[in-house]
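*Asks:* my questions concern the predicted model and sequence given below.
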Amino acid sequence: MTATKGEFFNPAKLSSRDKAEATDHTARAIIAAEASARDKKTEKLKALRLQQEADAEPKAAPAKKRRSPVKPRS
């Protein structure tokens, strides 16, 4: 069982159009995957931010009124 050149190399050359289509397809797939990952991350961060804001609201106590400074008696 010897390895021949035909097993490793495609004897027919691809046209430049075929190469461009393959590159375009691959690039579009990568871009779509990155966009999907970015959208997932954005949704996750938005949910965490909303949860954090919801948790912070009930804990906020009303501000105490300041008393006016004591005026010295004359």
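*Replies:* Received the coordinates, thanks.
*Asks:* ok, residue 65 - contacts?
*Replies:* When the contact criterion is Cβ atoms under 8 Å, 6 or more residues apart in numbering, residue 65 has no partners at all. To be clear about C-beta, it is placed using only N, CA and C from the backbone, and glycine gets the same treatment.
*Asks:* name the element it belongs to?
*Replies:* Applying DSSP states H and E as the criterion places residue 65 outside every helix and strand.
*Asks:* please report phi then psi for it.
*Replies:* Backbone torsions for residue 65, taken as degrees, to the nearest 10, come to phi -70, psi 140.
*Asks:* quick one: it and residue 32, what's the gap?
*Replies:* When distance is defined by Cβ to Cβ, to the nearest Å, residue 65 is 57 Å away from residue 32.
*Asks:* read off the pLDDT value for residue 45.
*Replies:* Looking at residue 45, its pLDDT reads 97.
*Asks:* against residue 19, how distant is it?
*Replies:* Per Cβ to Cβ, residue 45 is found 39 Å from residue 19.
*Asks:* spatially central residue in this protein, please.
*Replies:* The C-alpha lying nearest the average C-alpha coordinate of the chain belongs to residue 38 (Cα atoms, centre = their mean; 2.5 Å).
*Asks:* count residues in the vicinity of residue 51, would you?
*Replies:* Burial measure for residue 51: 10 neighbouring residues, criterion other Cβ atoms under 10 Å.
*Asks:* show me what contacts it?
*Replies:* Taking Cβ under 8 Å, 6+ apart as the test, residue 51 contacts no residue whatsoever.
*Asks:* host element of it?
*Replies:* With DSSP H and E as the criterion, residue 51 is inside helix 16-59.
*Asks:* and what of residue 14?
*Replies:* Assigning secondary structure by DSSP H and E places residue 14 outside every helix and strand.
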